[in-house]
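In: Got a sequence here, can you model it:
(one chain, ligands or ions: 3)
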Amino acid sequence: MRIPIDSGAGTASAKASDRTILAVALVVCAAIVAMGAFALLAAERVDASARQRWTGVVADALQGKVGLLQRDLASFAHWDESVLRTAYFLDVDWVHRNYGKWLRDQDHHDRSYIVLDTSVAYAAIDGEKVAGEQAIFDGDALMPFVYDVQKAVAGRSGRNDGAAAGLQGNAPSAFRAGYVRVEGRPALVGAISITPDYGRVIAPEQIPPVAVTVLFIDDHFLNSLARELRIAEPTVSLQPPAADRHGVAIPFAAGESQPAWLVWKPDTPGTALLHALLPALMATTVLLLVAAAGVLWYARRATRNLAASEAYASRLAYVDPLCGLANRAMLMRVLGDRLARLEGDGHRLAVFFLDLDGFKDINDTLGHHVGDVVLAEIGARLKALTMPGLLASRFGGDEFVILVPVGDTPGEVEAIGNTILEAVRRPTSIGGQALVVGGSIGATVAPADGGEASELIRLADIAVYRAKADGRGVMRRFEPRMEHEVRQRREIETDLQRAMRDNELTLFYQPQFSADGRTVIGFEALLRWIHPSRGLISPGEFVPVAEQSGLISELDLWALRRACEQAGDWGAARVAVNLSPVDFRMRDLAGAVRKILEETGFPAERLEIEITENLLLGNQPEAFASLTALRNMGVRVALDDFGSGYSSLGYLRRFRVDTIKIDRSFIQNIGQTDDAAAIIDCVVRLARALAITVTAEGVETREQLRYLQSVGCHHVQGYLLASPMPVSSLGRYLDQVKRVREYAVIRHAEV
Ligand code: C2E
Ligand code: CA
Ligand code: CA
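Out: Ligands and ions are numbered 1, 2, ... in the order given. Below is the predicted model:
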């Protein structure tokens, strides 16, 4: 069954955080773009206002030139001397010195003329005096100024007709100026009437002479403008200024058809500032971007990690990491849900509590890593079970709980339990070794056994105890009396220590015979607990409890000492004592045994210790060292319950034992299954080949005995021959045996 775990939670929150991060990144980028745009806009604004200012300044300067022109001209034209030397007689040299050349030197006037009435009386072309009739004179451009001036003077004298000559003599010059094309070139033209200043000379009655001067807007003009205004690269253009230039239209006088512009390279303080700041701005932007990217990256990684660990945590919260099954929390949730739904629909739900058999031994002897592999393998098998609605979970340690909905069919729960057990029992291959791990199951069924999740599990756990006590590898349904048994088990735990102190423990001895079933060759010492209220308790009940609580070593050494004390004078008979794998974790087991042998005076050769296969399976150097030390002392080592566990002979190579005790489950199957007989035959042959003694335990029928004799088994032990008995009965028993044997010998002789 797929475990419905919300693994999407982590990814969803990761996506949400991604979106937030993206949004923040966009905002940061937008802010940077806006900043850039704002800087550009600000630069543009500054440039535009500079442009406006400069256009005004240049336009004003062009107008200002007119004023300057008037000042220059007036200094010559408003002068008695000038009237005298132009209107009364033309003193060309004087005029040239004081007017044409002077203006040229002063302000680089290009053309200077004196016009008398309508004809040019004097001309200076580029500062050179030229005879009036030969001079270049653009009358079309210049004469309108002359006429204007003459008209102005005439108008004024008309108005002042009755005025005193003195006053008239003081009249200011009439002045006209403007921008026009002269000889096809843009130029500033000024015209002024020549009038007296102090009146020492009387103005002529006729039209006064007019001084006309021309300043071409040429390099000289432009350069002086550039110097004055600090504008760059001024030129005259017939086109309006291009985008990268500033310009003002030359303010031509009305009637000028072809416009022209004064154009210069613009001063762009905004752009200049931007250019100056650009590297710093860029560096700041890059830094900002890097910092933002760093912060976002870190944030993203942090949220990713958080999301991942969230997902992992929510997975961990419901899945057992080792087995991949649902964990206990998940189980309780699902079980609770299903029980709640059960109330309505009249269905039943079976709860199987599976506990692995001998798992503790695997951990103890093979190591925890092997234990983990086994658990993972069992997990995989439970996962592979295909039953509708099945939920397999690891409850803890080597315990699993499996939920399966069931109907009313009788035997259905048992069938499912067996399917689970079979799946568990299949051999696992670990390090090339086949390992068989059995399991015991306790089962409860809801709603009959209970309606509450933890109660159903508790009762199923109780049923597992029963299954274990009934020989393991089986399933038991919960029955109310089992609760009583569990209580007893708990009591055993608390009682055992007291029992040892109060001498409630004793040893029974079960004789072991040679194959003929008559000659007693030794005894197996078996623990018994004579409980004051509960009577005789078998080791099957308290030994596992003692193993778990760690009391077992004390118990085993007590049994060993007791057996050595009691069996000291039983002739050559051997005594076999059981040791638990737990005992081999003791620091100096061999030393403890030696001490007991010395103190009791029991000969080592008569002692046999029985160990289980599990002990040899693990590669525990301490266990092997203890076993070797014991064998070196002369103590025999028997392998108990052979065949019941891992069914592998491989470990026999690792450690040499003296005896193999074939497990009673094989003996009891003689005559029942062909396998059992064949396996026994095989084991006996192998053991004989290796010079190992074979003991068959649990012999209950003559048929079994005969078969064991036929395959050549060395020794036999079982109820058929003798049950375990207290030491007090032993003397009488041995006498009896002796008598029977003697009788048999007599009968044999008689025949
Ligand atoms: P085990 O070592 O396999 O001992 C043989 C068990 O089989 C004994 O049970 C014995 O009473 C029983 N048995 C003997 N003949 C027959 C027969 O023909 N048929 C059947 N069905 N059973 C037979 P017991 O005495 O109850 O002991 C149970 C187990 O307790 C022993 O199994 C052994 O593993 C453990 N045990 C007994 N004494 C000690 C001890 O001193 N130390 C440790 N560590 N374990 C002990
Ligand atoms: Ca035994
Ligand atoms: Ca045995």
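
In: So which bits of the protein are right by ligand 3?
Out: 640-641, 697 (Cβ under 5 Å from the ion). From N, CA and C alone the C-beta is placed, and that goes for glycine too.

In: Can you tell me which one of those sits lowest on pLDDT?
Out: Of all the residues of the chain next to ligand 3, residue 641 has the smallest pLDDT value, namely 90.

In: Report the contact partners of the spatially closest residue to that residue that is not a sequence neighbour.
Out: Once flanking residues are discounted, residue 641 sits nearest to residue 663: 4.5 Å by Cβ to Cβ, 6 or more residues apart in numbering. When contacts are counted by Cβ atoms under 8 Å, 6 or more residues apart in numbering, residue 663 touches 641-644, 697-698.

In: Local confidence estimate at residue 663?
Out: 93.

In: so residue 189 makes contact with residue 178?
Out: Yes. Applying Cβ atoms under 8 Å as the test, residue 189 and residue 178 come out as touching, 6.3 Å apart.

In: Neighbour count for these two, which is higher?
Out: Shown here are residue 189 and residue 178; by other Cβ atoms under 10 Å, residue 189 has more neighbours (26 against 19).

In: residue contacts, the more buried one?
Out: Residue 189 touches 141-142, 145, 177-180, 182, 212-215, counting by Cβ under 8 Å, 6+ apart.

In: pLDDT on stretch 427-442, on average?
Out: 85.

In: Would you mark the buried spots in it?
Out: 428, 435-442 (16 or more other Cβ atoms under 10 Å).

In: same thing with stretch 174-186?
Out: Under the neighbour-count criterion of 16+ other Cβ under 10 Å, stretch 174-186 has 174-182, 185-186 buried.

In: same question for the strand ranked longest in the chain, mean pLDDT?
Out: Ranked by residue count and defined by DSSP state E, the top strand of the chain is strand 520-531. The average pLDDT within strand 520-531 is 95.

In: Just the residues contacting whatever helix or strand comes next after that strand, thanks.
Out: Counting by DSSP states H and E, the next helix or strand C-terminal to strand 520-531 is strand 535-537. Identification of contacts with strand 535-537 by Cβ under 8 Å, 6+ apart yields 492, 528-531.

In: Can you point out the buried residues in strand 535-537?
Out: Buried residues in strand 535-537, counted by 16+ other Cβ under 10 Å: residue 537.

In: Run the chain-centre distance for stretch 38-53.
Out: When C-alpha coordinates are averaged (Cα atoms, centre = their mean, to the nearest Å), stretch 38-53 and its chain have centres 51 Å apart.

In: List the buried residues for that stretch?
Out: Applying 16+ other Cβ under 10 Å to stretch 38-53 flags 39, 43, 46-47, 50-51 as buried.

In: So residue 426 sits against residue 384, correct?
Out: No. In this structure residue 426 lies outside contact range of residue 384 using Cβ under 8 Å: 10.9 Å.

In: Buried by neighbour count, from the contacts of strand 535-537: which ones?
Out: Taking 16+ other Cβ under 10 Å as the criterion, what is buried in the contacts of strand 535-537 is 492, 528-529, 531.

In: Quickly list what's touching both of residue 426 and residue 384.
Out: By Cβ under 8 Å, 6+ apart, no residue touches both residue 426 and residue 384.

In: so what pLDDT did the spatially most central residue of the chain get?
Out: Centroid-nearest residue in the chain: residue 305, 3.5 Å away (criterion: Cα atoms, centre = their mean). pLDDT, residue 305: 83.

In: quick one on the thing from earlier: quick check: neighbours of the longest strand of the chain in the sheet, parallel or antiparallel?
Out: strand 505-514 (antiparallel), strand 535-537 (antiparallel), strand 574-578 (parallel) (DSSP bridges).

In: would you list the buried ones among the contacts of strand 535-537 in JSON lines and tack on distance to residue 417?
Out: Formatted as JSON lines, the buried ones among the contacts of strand 535-537 follow (distance: Cβ to Cβ, whole Å):
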{"residue": "492", "distance to residue 417": "27"}
{"residue": "528", "distance to residue 417": "33"}
{"residue": "529", "distance to residue 417": "32"}
{"residue": "531", "distance to residue 417": "33"}
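
In: Narrow the buried residues of stretch 38-53 to those in helices?
Out: Of the buried residues of stretch 38-53, the ones assigned to helices by DSSP state H are 39, 43, 46-47, 50-51.

In: Go through the residues you listed and say which is closest to ligand 2.
Out: residue 39 (95.9 Å; Cβ to the ion).

In: So the closest one is in contact with residue 281, correct?
Out: Yes. Residue 39 lies in contact with residue 281 (Cβ under 8 Å); the separation is 6.7 Å.

In: picking that back up, ok, of the strands paired with strand 520-531, where does mean pLDDT dip lowest?
Out: Ranked by mean pLDDT, the strands paired with strand 520-531 bottom out at strand 535-537, with a mean of 91.

In: next SSE after that one?
Out: Counting by DSSP H and E, the element after strand 535-537 in chain order, helix or strand, is helix 539-549.

In: follow-up on the earlier one: ranking the strands paired with strand 520-531 by mean neighbour count, which comes first?
Out: Comparing the strands paired with strand 520-531 by mean neighbour count (mean count of other Cβ atoms under 10 Å), strand 574-578 ranks first with a mean of 23.

In: Could you list every helix and strand that the helix or strand following that strand packs against?
Out: For strand 574-578, the succeeding helix or strand toward the C-terminus, using DSSP H and E, is helix 589-600. Counting contacts by 3 or more Cβ pairs under 8 Å, 6 or more residues apart in numbering; DSSP states H and E, helix 589-600 packs against helix 552-567, strand 607-612, helix 621-633.

In: which other residues reach stretch 319-338?
Out: Contacts for stretch 319-338 (Cβ under 8 Å, 6+ apart): 3, 5, 317-318, 349, 351, 372, 375-376, 378-380, 382-383, 391-396, 400-401, 403, 405, 453-454, 456-457.

In: end-to-end on that stretch?
Out: End-to-end distance of stretch 319-338 (Cα to Cα, to the nearest Å): 19 Å.

In: Give the rounded mean pLDDT of it.
Out: The model assigns stretch 319-338 a mean pLDDT of 90.

In: mind listing what's buried in that stretch?
Out: 319-320, 323, 325-328, 330-332, 334-335, 338.

In: Over to stretch 668-681?
Out: Quick answer for stretch 668-681 (16+ other Cβ under 10 Å): 668-670, 676-677, 679-681.

In: List the buried residues for the strand or helix carrying residue 94?
Out: For residue 94, the host element (DSSP H and E) is helix 92-95. Of the residues in helix 92-95, 92, 95 count as buried by neighbour count, 16+ other Cβ under 10 Å.

In: CA atoms only for that helix, dumped as CSV, please.
Out: Extracted as CSV, the C-alpha positions of helix 92-95 are listed here (Å, rounded to 0.1, in the frame of the first residue of the first chain):
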residue,chain,number,x,y,z
VAL,A,92,39.5,111.4,-47.0
ASP,A,93,42.7,110.8,-45.0
TRP,A,94,41.3,112.2,-41.8
VAL,A,95,38.1,110.2,-42.2
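
In: any idea of the mean pLDDT for the helix or strand that comes right after it?
Out: Remark: after helix 92-95, the chain's next helix or strand is helix 101-107, criterion DSSP H and E. Averaged across helix 101-107, pLDDT comes to 90.

In: And helix 101-107, what does it pack against?
Out: So helix 101-107, by 3+ Cβ pairs under 8 Å, 6+ apart, packs with helix 8-77, strand 119-125.
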